[in-house]
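In: Fold the following for me, if possible:
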Amino acid sequence: MKKIKITVMRITQYADLMAQYENPIEHTCDMRLGQTFIVDNCAKPEGMCDSAWETLLPFVRELATGGGNFFDGWMQNPHSAMLSCNDGFRPVSFYIEVVE
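Out: So this is what the prediction gives:
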């Protein structure tokens, strides 16, 4: 299996949606801009958010097994993808790519 690098590219917060719909919570996301993770054998990297990992895993698995070219040419690099976690209040965008 190929190793996959995950990089945190953007962290966004929608304060208006949070104020209108979300119950107050003390702890949210631990991701940091520019943070990187290396995935080996499709195992969740230490420190990776469980929810984000569930979103990324199908794409990580496809790239790790030699696949790619998602959605018929979506990415300039066919061995990569730009994905976001499923938190609608504070989505984090991740760039995943094959590490040679």
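In: any idea how far the nearest residue to Met75 once chain neighbours are set aside lies from Asn23?
Out: In space, not counting the residues next to it along the chain, Met75 is nearest to Ala81; the distance is 6.1 Å by CB to CB, 6 or more residues apart in numbering. Bear in mind the C-beta positions are built from the backbone N, C-alpha and C, glycine included. Separation of Ala81 from Asn23 (CB to CB, to the nearest Å) stands at 32 Å.
In: Repeat that for Val8.
Out: Applying CB to CB, the value for Val8 to Asn23 is 25 Å.
In: The two: which has the busier surroundings?
Out: When Val8 and Asn23 are compared on other CB atoms under 10 Å, the one with more neighbours turns out to be Val8, at 18 against 5.
In: tell me which element the residue nearest to Met75 falls in.
Out: Taking DSSP states H and E as the criterion, Ala81 maps to strand 80-84.
In: pLDDT (mean, whole number) over that strand?
Out: Averaging pLDDT along strand 80-84 gives 97.
In: quick one: Val60 is in a helix?
Out: Yes. Counting by DSSP: H, G, I helix; E, B strand; the rest coil, Val60 is located in a helix.
In: That one against Asp40, yeah?
Out: No. Counting by CB atoms under 8 Å, Val60 stays clear of Asp40, with 10.7 Å between them.
In: quick one: which of those two has more around it?
Out: Val60 (26 against 12).
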